[in-house]
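In: Model the structure of this input:
(2 chains)
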Amino acid sequence: MPVVTRVARRFAPLGDADDVIQEACLAAWRYRHRFDPEQGSFQTWMVRILLNESYKSVGRRRRNGLLLGRLADRSHFSAETLSGSSDRQLETLIAGLPRRQREVIELYYFVDLPVQQVADLLGISSGTVKSTLADARRSIQFRLAGEETS
Amino acid sequence: MDIDRRLHEAGQRWRESQGPALQPPSAASLGEAAPPHKWRKGLAPMAAAAAVAAIIFGFVSVHGATTGAPQLPAGSVTTPAPSVSTSSAEPSTSAARTAAKAAAAKEEARAVAAAEAARRLQTLTWPPAADCVASQLRPSLGSAGAAAGTGIVQILLQNVSSERCYLGGYLPLQGVTASGTSSRLTFPGDSATAYPSPVVPGNVAPGGFGAFWVSTQLNGCANGARFAQLVIELSPQQYFEMPWPIDMSSGCLFAESAAGPFLQPIPSIP
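Out: This is a model prediction of the structure:
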C-alpha cells in the first residue's frame, strides 16, 4: 500500500511512520464496522485513519517535548531525505503553511493523490481543494520571492 | 520556475527517495528480527513442552484406563526429583566442590535423558499407526534374571516390517505342549509389578523393538510351567509363537506386564 506509506511518512513525526501505520491498522480493524462503502473507498477511509493517527503522534511528541527541536524550524517532516537545498527550502515553506493548505499540498504533490481523492479524504469539495491548492501555491511563491530578494 | 511544476518535481524526487513500501513481515523474519520479548522467547519451548505434556497426559489417561494400570513413559516421567542438596552452606573444600559439580553434571544428564525420552515418546506415539499384526513381529527371548525370589523374563517383539505399528496392552499367552495341547496362561500376581519400569503403548518403528515381561515366583514353587511353545496373541485372529523360554519354567508364573515399544536400550535384568 504505497499511498499509506507515503501518507505516514509525510504526516507522522520523523521515525514514527511505521508505528503510525501499525496503530492505524489496529484502529481500522477495531472500527471496521464503521466503514461504509457508500461514503468512500476503503483506501480513503484508511488514509483518514492514518492522518488522525499521525496527528495524534505529533501531539504526543509535542507533549513530550520531543518536537521542540523540529518546531524551531517549523518542520517535522523528513526534510533530510530531499535531494537539494531548493527542495529543503520548499519543504520548510510547506511546513509553515496553514494546516489545511499544507494537507492539500502534501496529499496532492507528495503523496500523489488525485484532486477528487484529496477532497474525499478531507471531506471537502474538489473545487475547494483546487482553490486551497492555488492559495498554497501563491503563499509559497510569495515567500520564495521574499527569501530570494532578501 | 513555475511553482506548480516545482512542487510536482519535488514530490517526484521525494517519492523516489523513499524506499519500497512497507511489506508484511514473513514468518521467518518474525523469528529472526522480532524484538527479544521474553514472552516470545519463551513461547516456543513452552509450546513444545505443552505439546509433549499433552501427548503424555492423553496417552496416560486413554491407555492407562484401557490397561487398568497407571502407565508412565519409561525414563521420562519417572525421573526422580533432583537429589542435589539444597543446603545453603557453600562447599568449603575442593572435595565438596567436586562432589557438587558431579551432582550437577549427573542432574543435567538426567534432564537430558528425560527430554530425549519425551521426544522419543512423541515420535513413537504420533501419528497413530495401525495395530501390529502377527506377520509384522518376530518374537525372541530378551534378557532374563532373578532377584529376591522373583524371576523375570523379557520377551522382545521386533518389527520386521517396513511400517510402524501400534503395540499396547496385555497380550494373552498360551503354552503349547509337544503333543499340541494348549493352555491359557494365568497370572495370579499384580501385573503392574511384572517389571519395575512400566511399558507404555505406542508405535514400534520398523526394525524397532517392542517388549513385555513375565515374572515368576521362585520360592515355594513345586512345579513350574513347562511347555514346548509359547503362543502370544495380538488378537483372537492374530498370534505367533516362539520356543518356550526355559527361564519361565524356573518358577511359578506370577505376573505379566503390558507390552509396548521398548524405548530404552535393553537393560540388564537383575
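
In: Leaving out chain neighbours, which residue sits closest to the residue in chain A that chain B sits nearest to?
Out: With C-beta to the nearest C-beta, the shortest gap between chain A and chain B falls at A:Y109, namely 3.9 Å. Where you see a C-beta, it was placed from the backbone N, CA and C, and this is true even at glycine. Closest residue to A:Y109 apart from its sequence neighbours, by C-beta to C-beta, 6 or more residues apart in numbering or on different chains: B:G11 at 3.9 Å.

In: A:L113 is in contact with the one you found, correct?
Out: No: B:G11 lies out of contact with A:L113 (C-beta atoms under 8 Å); the separation is 10.7 Å.

In: Work out for me the element the residue nearest to A:Y109 sits within.
Out: Assigned by DSSP states H and E, B:G11 belongs to helix B:3-17.

In: Lowest average confidence across helices and strands of the chain, where is it?
Out: If you meant another chain, say so; for now it's chain A. Within chain A, no helix or strand scores below helix A:68-72, which has a mean of 43 by mean pLDDT, DSSP states H and E.

In: right idea, wrong chain: chain B
Out: Of chain B's SSEs (mean pLDDT, DSSP H and E), minimum confidence goes to helix B:38-67, a mean of 37.

In: who's in contact with the residue of chain A closest to chain B?
Out: B:L7, B:H8, B:A10, B:G11 (C-beta atoms under 8 Å, 6 or more residues apart in numbering or on different chains).

In: Chain A versus the second one, what's the distance?
Out: Yep, that's B:H8 we're talking about. 6 Å (C-beta to the nearest C-beta, to the nearest Å).

In: Neighbours of that residue, how many?
Out: B:H8 has 15 neighbours, counted by other C-beta atoms under 10 Å in any protein chain shown.

In: Pull out the buried positions in the biggest helix by length in chain A.
Out: The residue-count maximum for a helix in chain A (DSSP state H) belongs to helix A:126-149. The neighbour-count check on helix A:126-149 (16 or more other C-beta atoms under 10 Å in any protein chain shown) flags A:T128, A:V129, A:T132, A:L133, A:A136, A:R137, A:S139, A:I140, A:R143, A:L144 as buried.

In: Could you single out the nearest of the residues you listed to A:V7?
Out: A:V129 (15.8 Å; C-beta to C-beta).

In: and the contacts of A:Y109, which two are the farthest apart?
Out: Longest span within these, C-beta to C-beta: B:H8 and B:A10, 7.3 Å.

In: what's near enough to touch the residue in the stretch 1-150 of chain B that chain A sits nearest to?
Out: Residue nearest to chain A within the stretch 1-150 of chain B: B:G11 (3.9 Å; C-beta to the nearest C-beta). Contact analysis of B:G11 by C-beta under 8 Å, 6+ apart lists A:Y109, A:F110, A:D112.

In: What of B:S162?
Out: B:P206.

In: Report the beta-bridge partners for B:I232.
Out: Applying DSSP bridges to B:I232 yields these beta-bridge partners: B:L173, B:F240.

In: For it, give its distance to B:Y166.
Out: From B:I232 over to B:Y166 the distance is 16 Å, taken as C-beta to C-beta, to the nearest Å.

In: Please apply the same query to A:H33.
Out: 50 Å.

In: try A:R32
Out: In terms of C-beta to C-beta, A:R32 sits 48 Å off from B:Y166.

In: B:N159 too?
Out: For B:N159, the distance to B:Y166 - C-beta to C-beta - is 11 Å.

In: any residues in contact with both of the two?
Out: B:C132, B:V204.

In: Between those two, point out the one with more neighbours.
Out: Counted by other C-beta under 10 Å, B:N159 and B:Y166 do not tie: B:N159 has more neighbours, with 23 against 19.

In: Give me the residue ranges of the stretch 101-250 of chain B where confidence is low.
Out: B:113-128, B:190-199 (pLDDT under 70).

In: What ranges does the chain have for its helices?
Out: In the absence of a named chain, chain A is used. Counting by DSSP H, the helices of chain A are A:2-11, A:17-30, A:42-63, A:68-72, A:85-95, A:99-105, A:115-122, A:126-149.

In: Switch to chain B, please.
Out: Counting by DSSP H, the helices of chain B are B:3-17, B:27-33, B:38-67, B:94-125.
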